[in-house]
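Colleague: Everything below, folded, please.
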Amino acid sequence: MNIFARLRSIEEYDKAKAVKSIIKDSTPDFDYYLMLILSTLMATMGLLAGSETTVIGAMLLAPLLAPTLGLALGVSMSESSLISRSFGTIVRSSLVAVLSAVIASFLFALSKFDGGALNDAILSRTSPSLLYFMIAAISGFAVAYASVRPDLSESLPGVAIAVALIPPLSVVGIGLTGGGVKLVSGALLMFLINVAGIVFAAMVAYSLMDVHHKRFMAEKLVEKEQERLKQEKENLKEAAEKLKE
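Modeller: Here you go, the predicted structure:
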């Protein structure tokens, strides 16, 4: 079967479900930031300990892939509200992740573990190249396609491991605690390359799958999620005030 015909033949229901899922999962609510912080703390500890197994577990927890896909979806649709929200979420998430990594690095240094050495797990996230961009691009296309194919949802954890967005940010945090400018710049460039590769390939995939006509639906969903986020903030504020009483 022609690959382009197969991409175009995806059911409208599956496209709509994918758009709804991506926008919901990329909403920067309390749960999103909690999982982001926990995954970053785990990744940072794993990197400092030289444990790739721990880093892999952290990548499975990380929610940062969702707004990255949201950005690709927004660009493919030319939907400005989704683009701005997704881009803003990626920037804020990156800052939160780096800050969490800095805190984890200090905690590790103050523990009984022999931390601080720049092991292979850390250094491997500081040498960006075209190869990593290609890996990110392939992963981005794969996760975009899987997101609109319910029968392929079980493959998403594997893609989450491949894209590796959180570990480079963890290395940035480690670098800021004493690893040096070269470590920070290399890890940051690695992160940007991964994001660029995912967004580019996912944008192409969504365009080939003809998802752009769901633009009106996406716009409404963004508005709905913003209202939900606003309500959540009000509920948290009320809960905080009750604790003070």
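
Colleague: quick one: least confident helix or strand in this protein?
Modeller: Sorting the helices and strands of the chain by mean pLDDT, DSSP states H and E puts helix 156-163 at the bottom, at a mean of 64.

Colleague: got a list of contacts for whatever helix or strand comes next after that one?
Modeller: Scanning forward in sequence from helix 156-163 by DSSP states H and E, the next helix or strand is helix 166-174. Helix 166-174 has contacts (C-beta atoms under 8 Å, 6 or more residues apart in numbering) with 39-40, 43-44, 47-48, 55, 58-59, 62, 64, 94, 97-105, 122, 125-126, 179, 183-184, 186-188, 190-191, 194. (C-beta placed from N, C-alpha, C; glycine too.)

Colleague: Just the mean pLDDT for whichever helix or strand comes after helix 166-174, thanks.
Modeller: Sequence order places helix 181-208 as the next helix or strand after helix 166-174, per DSSP H and E. Averaged over helix 181-208, pLDDT sits at 93.

Colleague: Begin at 854, not 1, for the rest of this chat.
Modeller: Understood, numbering begins at 854; the last thing we discussed is helix 1034-1061.

Colleague: Name the residues of helix 1034-1061 that come out as buried.
Modeller: Neighbour counts over helix 1034-1061 (16 or more other C-beta atoms under 10 Å) mark 1036-1037, 1039-1044, 1046-1048, 1050-1061 as buried.

Colleague: ok, the residue nearest the centre of the chain - contacts?
Modeller: Centroid-nearest residue in the chain: residue 917, 1.8 Å away (criterion: C-alpha atoms, centre = their mean). Counting by C-beta under 8 Å, 6+ apart, residue 917 makes contact with 889, 943, 946, 950, 1018, 1019.

Colleague: List the contacts of residue 981.
Modeller: 1039, 1042, 1043, 1046.

Colleague: can you do 6 Å?
Modeller: If a contact means C-beta atoms under 6 Å, 6 or more residues apart in numbering, then residue 981 has 1042, 1043, 1046 as its contacts.

Colleague: I only care about the contacts of helix 1019-1027 that end up buried; give me the PyMOL line for that.
Modeller: To isolate the buried members of the contacts of helix 1019-1027 in PyMOL, using 16+ other C-beta under 10 Å:
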select buried, resi 892+893+896+897+900+901+908+911+912+915+917+947+950+951+953+954+955+956+957+958+975+978+979+1032+1036+1037+1039+1040+1041+1043+1044+1047
